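Q: Need coordinates for the below:
(one chain, ligands or ions: 2)
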Amino acid sequence: MKRLTVPKVMARKKDGVTEEPLVMLTAYTARMAQLLDQHCDLLLVGDSLGQVIYGLPSTLQVTLDMMIAHGAAVVRGSYHSVVVIDMPFGTYEASPQQAFENASRIMAETGAAAVKLEGGEAMAETISFLSQRGIPVMAHVGLTPQAVNALGGYMARGRSDAEEAKIIADGKAVAEAGAFAVVIEGVVEDIAIALTKAIPVPTIGIGASAECDGQVLVTEDMLGMFERTPRFVKRYGDIAAVISDTAAEYAGEVRDRSFPGEAQVYKAK
Ligand code: KIV
Ligand code: NA
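A: Numbering: from 1, shown residues only. Ligands and ions are numbered 1, 2, ... in the order given. Next up is the predicted model:
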C-alpha cells in the first residue's frame, strides 16, 4: 500500500461533500503507529503527548525536540497514513519566518507530510507563508489548548453569538490562507456544521459534530487508558484494565517463582 498524500486527503471532499469521512488518530510511538496505520487516513503526532506521554500539566511545556523525536518514530512506524506533526507553543506564533524555520526542521528531521498549528485569523498569514513554500498546514480552531490561559480552561467554545462568529471567521480565514484541512475542537455542533459547509477543505472534528468531514481522537483516550476524559471522548476499549491485570499477573508469578518457567529458561547442551 502506497502512502496517502495531502492532495489525496483534500480530494476526499468534492464540491463540498465528503462521502467517506477521514479517519485520524494520534500516535507518538513507532509501535502504536504500526498498529493504527492500516485503519487510519492520517496519524497526528499531537502535542497532547505532553500530558499523555510526559505527564505535563498542559501542552505549553512541549518542545520542538520532543515533537521531532516522536514524529520521526511515527513516520518510521507507518507506511500508509499521512503523518501530521503539531508545532508546539512558542515555535510559530512570532512570525511567518519563525514558523518556517521550525516547520522546515520538523519536515526535514522527521519525514512527515505536514504540520499542524493552532489559531485562526491571527495565523492566516503564517499558514499562507508555509503552504506557499512547500509545507502543508493543517489548521486548528475552536478550543485551542495552547491558548488555555487566555481561554480560562478547556470548556466548549461558541456558546455566545460573538464567539460563534469568531470561530467561523477563523475557520474561513485559515482555509482561504491555504490550510489543507481544519481541525475543529470542542465547539457547539451548529458551528462545526456551518464551517464544514462554508469551506472547501476537509474539517476534522474532535468534540465537534458527526457532520465534519473527518474525526480525530487522542488514541489513549479512545483506548480507555485514562480515568478522566472530556465529554467528547468515546471509550472504545478498556486498556487501562488490561495493563493493570497483566502487570498484576506478572507480579504474582515473580513473587511465587512460577515465572520464569521451563519454557523461558535457557539450558546447557
Ligand atoms: O494534540 C492533539 O492530540 C490534538 C488533537 C486532539 C486534535 O491537537
Ligand atoms: Na495539539
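Q: give me phi/psi at E262?
A: phi -50, psi -40 (degrees, to the nearest 10).
Q: now do A139
A: Main-chain dihedrals, A139, degrees, to the nearest 10: phi -90, psi 170.
Q: residue contacts, it?
A: 116-120, 123, 127, 171, 174-175, 177, 179, 181-183 (C-beta atoms under 8 Å, 6 or more residues apart in numbering). From N, CA and C alone the C-beta is placed, and that goes for glycine too.
Q: Which residue, other than its chain neighbours, is closest to the closest residue to ligand 2 within the stretch 51-200 of the chain?
A: For the stretch 51-200 of the chain and ligand 2, the shortest gap (C-beta to the ion) falls at D86, measuring 4.4 Å. Closest residue to D86 apart from its sequence neighbours, by C-beta to C-beta, 6 or more residues apart in numbering: D47 at 4.2 Å.
Q: what residues does this protein put near ligand 1?
A: By C-beta under 6 Å from any ligand atom, the residues of the chain that approach ligand 1 are 26, 44, 46-48, 86, 140, 183, 185, 206, 216, 218.
Q: Of those, which belong to strands?
A: Per DSSP state E, strands hold the following members of those: 26, 44, 86, 140, 183, 185, 206, 216.
Q: C40 in helix, strand or coil?
A: Following DSSP: H, G, I helix; E, B strand; the rest coil, we place C40 in the coil state.
Q: likewise V83?
A: Following three-state DSSP, V83 is assigned to strand.
Q: Which strand or helix spans the closest residue to it other than its chain neighbours?
A: Among residues not flanking V83 along the chain, A112 sits closest, at 4.4 Å (C-beta to C-beta, 6+ apart). Per DSSP states H and E: A112 is located in neither a helix nor a strand.
Q: quick one: the residue nearest to T91 when sequence neighbours are not counted from A194, how far?
A: Distances taken as C-beta to C-beta, 6+ apart place N102 nearest to T91, at 4.3 Å, with adjacent residues excluded. Going from N102 to A194 by C-beta to C-beta, to the nearest Å gives 32 Å.
Q: Let me see the contact set for K166.
A: By C-beta under 8 Å, 6+ apart, the contact set of K166 is G120.
Q: how much space between it and G158?
A: 8 Å.
Q: Can I get the helix or strand where A173 lies in CSV, CA atoms only?
A: If you go by DSSP H and E, A173 is part of helix 161-177. Taking Å, rounded to 0.1, in the frame of the first residue of the first chain, the C-alpha atoms of helix 161-177 are listed here in CSV:
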residue,chain,number,x,y,z
ASP,A,161,-23.1,34.8,19.2
ALA,A,162,-19.8,36.7,19.3
GLU,A,163,-17.7,33.5,19.9
GLU,A,164,-19.6,31.7,17.2
ALA,A,165,-18.9,34.4,14.7
LYS,A,166,-15.3,34.5,15.6
ILE,A,167,-14.8,30.7,15.2
ILE,A,168,-16.5,30.7,11.8
ALA,A,169,-14.3,33.7,10.7
ASP,A,170,-11.2,31.9,12.0
GLY,A,171,-12.1,28.7,10.0
LYS,A,172,-12.8,30.7,6.8
ALA,A,173,-9.5,32.7,7.2
VAL,A,174,-7.3,29.6,7.6
ALA,A,175,-9.0,27.8,4.7
GLU,A,176,-8.5,30.9,2.5
ALA,A,177,-4.9,31.1,3.6
